[in-house]
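In: kindly return the folded structure for what I paste below:
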Amino acid sequence: MTDDGLTLNYEHAFDVRMNFDKRWTTGAIHRGGPNHGYTSLAAGSTVSGPLLNGMLVDYSGADWPVIRTDGVVELNAHYMIQADDGALIYIRNMGYVHGPLRTPDQGPDEEPAIGRYFRCTPYFRAPEGKHDWINRTVIVGIGKRVPKLTPEDEPDHSIVRYYAIR
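Out: I've put the predicted structure just below:
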């Protein structure tokens, strides 16, 4: 089969488990506008997968989300990955997260018509060498929030599975 240039191919690149330290919401800047937040990384965050392994550098960054009035969170995260070989890789991750949402015509007792969603598009800056493929590859992520609800639960974290679009 020949490649016509219009076929989407992808492969699992790596997973990131992000542990969170602090969460703040600053509120709306303008009346009726979205809230703004800050979520910092904690220690112990990991990177694992077929194309990249390592850790997130402890306390190396944060997400500066916008929490919109329609229930959608706009992610804007910046942090550092340290690959197993010591290479430092900067990541800027943008995306959308929301829980189940109701459409405007739905009543409060109806099952939400729009399901959970957590998708992101990261951009990387890796040094020349083994990891520089990530500087020229479109990556997409699918995530899952895992909040700490009881003292027995694991720490507050998210897991994001990243795919390289080929």
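
In: got the contact list for the longest strand anywhere in the chain?
Out: Scanning the chain for the longest strand, with DSSP state E as the assignment, gives strand 10-28. Here strand 10-28 makes contact (CB atoms under 8 Å, 6 or more residues apart in numbering) with 34-53, 56, 59, 67, 81, 139-141, 155-166. Where you see a C-beta, it was placed from the backbone N, CA and C, and this is true even at glycine.

In: partners of that strand, with directions?
Out: Strand 10-28 sits in its sheet next to strand 35-41 (antiparallel), strand 46-48 (antiparallel), strand 157-165 (antiparallel), going by DSSP bridges.

In: buried sites along the second one?
Out: What that stands for is strand 46-48. Using 16 or more other CB atoms under 10 Å as the test for burial, strand 46-48 gives T46, V47.

In: distance between the longest strand of the chain and the chain's centre?
Out: Mean-position distance between strand 10-28 and its chain equals 5 Å (CA atoms, centre = their mean, to the nearest Å).

In: between the strands paired with strand 10-28, which one is closest to A77.
Out: Among these, the nearest to A77 by CB to CB is strand 35-41 (8.0 Å).

In: what residues does the helix or strand where M55 lies touch?
Out: Per DSSP states H and E: M55 is located in strand 54-56. Defining contact as CB under 8 Å, 6+ apart, one finds that strand 54-56 is touched by 16, 18, 41, 44-47, 79-84.

In: quickly find the element holding K144.
Out: Going by DSSP H and E, K144 is in strand 138-146.

In: ok, F124 - contacts?
Out: Shown in contact with F124 (CB under 8 Å, 6+ apart): I89, Y90, I91, R92, I134, N135, I139.

In: count the neighbours of the last one for me.
Out: To tie it back to what came earlier, the one meant is I139. The tally of other residues near I139 (other CB atoms under 10 Å) stands at 20.

In: can you check the fifth one too?
Out: Using other CB under 10 Å, I134 has 23 neighbouring residues.

In: that one is in contact with A87, isn't it?
Out: No: look at I134 against A87 with CB atoms under 8 Å: they stay out of range, at 10.2 Å.

In: picking that back up, so for Y123, which of the strands paired with strand 10-28 sits nearest?
Out: strand 157-165 (12.0 Å).

In: distance from the closest one to the middle of the chain?
Out: Worked out by CA atoms, centre = their mean, strand 157-165 lies 7 Å from the chain centre.
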